[in-house]
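Trainee: fold the stuff below for me.
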Amino acid sequence: MAFPNRLFTYPTWRFIGLGLTTTVFSLGSLALISPSAAASSLGVVPTTPEGRDIADKAMIFLGIRDIAVAGALFWLHCEGKGKEMGAIFIAWTAVCVVDTWVTTTGPRGWDNGVWGLCGGAAVVAFGGLGLFQL
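Mentor: Numbers count the residues shown, from 1 in each chain. Take a look at the predicted model:
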């Protein structure tokens with residue numbers, strides 16, 4: 001097997017996929033339960049009541065996006081379809097990159113955890129590549 005698959009055993013890759021799935025589900029839940037906290041974590045700080053309303057609606061949209069993908073990933077995990085999970089995570093890396101880009105264009109720029117988002121995108125890509133090679 002090619003890199004990175006040979007680093008871990010099959011069950012370990014499955015647990016990595018489950019962990020990433022749970023993370024996506026948790027981030028989606030945060031956006032649905034507390035949209036203002038989710039917006040703040042992405043550097044979106046509205047200054048008007050209308051802006052807060054729009055930001056809350058946008059976070060709910062992003063939250064349900066994450067919950068929907070996590071639901072599909074949970075199902076794939078239960079079915080033992082690691083390769084398919086890997087394909088979704090590889091595609092999901094683009095979502096991580098766009099979320100990071102949105103955060104860097106906010107008022108705080110590269111401050112406030114952007115490097116954590118970059119690391120998260122790298123972990124999603126790494127996990128996706130490993131799972132895709134199962």
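Trainee: the lowest-mean-pLDDT helix or strand in the chain packs against which elements?
Mentor: Sorting the helices and strands of the chain by mean pLDDT, DSSP states H and E puts helix 35-41 at the bottom, at a mean of 88. Judged by 3 or more CB pairs under 8 Å, 6 or more residues apart in numbering; DSSP states H and E, the packing partners of helix 35-41 are helix 10-33, helix 49-78. Where you see a C-beta, it was placed from the backbone N, CA and C, and this is true even at glycine.
Trainee: quick check: phi and psi at Gln133.
Mentor: Reported as degrees, to the nearest 10, the phi and psi values for Gln133 are phi -90, psi 0.
Trainee: for the nearest residue to it once chain neighbours are set aside, give me its contacts.
Mentor: Of all residues beyond its chain neighbours, the one nearest Gln133 is Asn5 (3.8 Å), with distances taken as CB to CB, 6 or more residues apart in numbering. Asn5 makes contact with Trp13, Leu129, Gly130, Gln133, Leu134, according to CB atoms under 8 Å, 6 or more residues apart in numbering.
Trainee: list the contacts of the third one.
Mentor: Gly130 makes contact with Pro4, Asn5, Leu7, Phe8, Trp13, Ile16, Gly86, according to CB under 8 Å, 6+ apart.
Trainee: distance check, Ser34 against Gly120.
Mentor: Distance of Ser34 to Gly120, computed by CB to CB, to the nearest Å: 19 Å.
Trainee: meant to ask about Lys83
Mentor: Distance, Lys83 to Gly120, using CB to CB: 22 Å.
Trainee: the more surrounded of these two?
Mentor: When Lys83 and Gly120 are compared for neighbours, Gly120 comes out ahead with 18 against 12, by other CB atoms under 10 Å.
Trainee: tell me the angle whichever helix or strand the more buried one is part of makes with helix 10-33.
Mentor: Mapping Gly120 onto the secondary structure by DSSP states H and E places it in helix 114-132. Taking axes from the mean of the first three to the mean of the last three CA atoms, to 10 degrees, one finds helix 114-132 and helix 10-33 inclined to each other by 140 degrees.
Trainee: nice, that's everything, thank you.
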